[in-house]
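Asker: Here is a sequence together with a model predicted from it:
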Amino acid sequence: LPTPQAMAKVYIGGTHFTQGEINSIIEQYGLNKPLYIQFVSYLINVLHGNFGIDTLYHVPVMDLIGKFIPITLEFVIVAIILQVILGIFTGSIAGEWRNRVPDWVIKALYLITWAMPVFLLATLLLFFFAYSLKALPPYNIANPLLIQPRTITGFPLVDAALQGDWPYFDSVLKHMVLPVLSIAFAGFGITTRIMRASVIDVLDRDYVKLSYMKGFGMWKVFRTTVFRNAIIPIITITALAFGFAVAGAVVIEEIFIYKGMGFYLYQSTVSLDYVAILSTTLIIGISVIIANFIADILYAVADPRVRLT
């Protein structure tokens, strides 16, 4: 029979545990071993793709990450593309028309969105487009009344297109608009600012002045000479923007109940699911490192003067 000490109730995180259950958990996770052994064991497990068992869902964390991360990446990648396009377009106009009305208008616009917290911007878009205009759906990945297509890639939009489920594809696309706009509007300011500064710097270069002296028009000079050289710093900014977008997805997904990696991380934080918090934070960190590595390669491709060593 268990001893009275083992049957004693301990109150932890809103749940009552017996001392025997606590001892079992300590033994299961190796918490009775020295810290350095715990750390080495954790690294070995991570290198083997074993992030542990989720204490909330009671399944391997990697299974949950494999399920949630494509959902987040799908709209984050679209948001980054839109953010870069907006930043390049507005930054080019601001740089070309510096210290004039178009420059002032663009500067005021991106400073407002840049200074605004992402949750406030997302909430304003939600109220305006979903509730006031009723033009877009407010919550979820897709209409819950529709049958979800069979999982092939894990990306809802891609899976719906591959299986020809166009009603579900249309629903996912509409539900994705507000999260994408929230991240793109919140982050395009830094891209605009860097692009504007880069355009102004390139316009003062001698080879640009030489192009004008040869009789080329403003549009041709900008398209063939200015734009190509000014866009190089944007590659590095895009990698940084990816990290900020993934971090912002935690708030965005909670507001729009968009159940991806950010929503999973938020629920894990609220539930004190430390295994999931460690795993998702590590995955996000690795993804940012990969994004920066890709940016370094693209930087060398865009600028022949840079060599990879």
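Answerer: Sure, I can see it. Numbering: from 1, shown residues only.
Asker: what's the least confident helix or strand in the protein, going by average pLDDT?
Answerer: helix 4-7 (a mean of 48; mean pLDDT, DSSP states H and E).
Asker: What ranges does the stretch 1-150 of the chain have for its helices?
Answerer: All helices of the stretch 1-150 of the chain, identified by DSSP state H, counting those that start in this stretch, fall at 4-7, 19-28, 35-47, 61-96, 101-115, 118-125.
Asker: so which of those gets nearest Ile231?
Answerer: helix 61-96 (6.6 Å; Cβ to Cβ). All C-beta spots, glycine's among them, are computed from the backbone N, C-alpha and C.
Asker: pLDDT value on Ile255, please?
Answerer: According to the prediction, Ile255 has pLDDT 89.
Asker: Sorry, slip of the keys, the one I care about is Gly13.
Answerer: 50.
Asker: coming back round to it: so of the helices of the stretch 1-150 of the chain, which one's packed in deepest?
Answerer: helix 61-96 (a mean of 20; mean count of other Cβ atoms under 10 Å).
Asker: Tell me who's in contact with Thr238.
Answerer: Thr238 makes contacts with 80, 84, 191, 295, as judged by Cβ atoms under 8 Å, 6 or more residues apart in numbering.
Asker: Now do Ile44 against Gln38, distance only.
Answerer: Plainly put, Ile44 is 11 Å away from Gln38 if you go by Cβ to Cβ, to the nearest Å.
Asker: overlap in contacts of those two?
Answerer: What both Ile44 and Gln38 touch, as defined by Cβ under 8 Å, 6+ apart, is an empty set.
Asker: distance of the residue nearest the centre of the chain from Asp103?
Answerer: For the chain, Val246 is the residue whose C-alpha lies nearest the centre (Cα atoms, centre = their mean; 2.2 Å). Applying Cβ to Cβ, one obtains 31 Å for the distance of Val246 from Asp103.
Asker: and of the helices of the stretch 1-150 of the chain, who's closest to Tyr131?
Answerer: Closest among the helices of the stretch 1-150 of the chain, using Cβ to Cβ: helix 118-125, at 10.4 Å.
Asker: Mind picking the two most distant members of the contacts of Thr238?
Answerer: It's Thr191 and Ala295 that sit farthest apart of these, by Cβ to Cβ, at 13.3 Å.
Asker: If you count surrounding residues, which of these two has more?
Answerer: Legend: neighbour count by other Cβ atoms under 10 Å for Thr191 and Ala295, higher for Thr191 (27 against 17).
Asker: Quick check: next helix or strand after the longest helix belonging to the chain?
Answerer: In the chain, assigned by DSSP state H, the helix with the most residues is helix 166-203. Note on helix 166-203: by DSSP states H and E, the next helix or strand toward the C-terminus is helix 206-213.
Asker: For that following helix, buried residues please.
Answerer: 208, 211 (16 or more other Cβ atoms under 10 Å).
Asker: And it, what does it pack against?
Answerer: The elements that helix 206-213 packs onto, with contact taken as 3 or more Cβ pairs under 8 Å, 6 or more residues apart in numbering; DSSP states H and E, are helix 218-221.
Asker: What are the contacting residues of the helix or strand just after the helix it packs on?
Answerer: As assigned by DSSP H and E, the chain's next helix or strand after helix 218-221 is helix 227-230. The contact list for helix 227-230 (Cβ under 8 Å, 6+ apart) reads 92, 95, 195, 198-199, 201-202, 205.
Asker: After helix 227-230, which helix or strand is next?
Answerer: Following helix 227-230 toward the C-terminus (DSSP H and E): helix 232-255.
Asker: angle of that next one against helix 166-203?
Answerer: Interaxial angle, helix 232-255 versus helix 166-203 (axes from the mean of the first three to the mean of the last three Cα atoms, to 10 degrees): 140 degrees.
Asker: Give me the angle between the following helix or strand past helix 232-255 and helix 232-255.
Answerer: As assigned by DSSP H and E, the chain's next helix or strand after helix 232-255 is helix 261-270. Helix 261-270 and helix 232-255 are oriented at 60 degrees to each other (the same axes, to 10 degrees).
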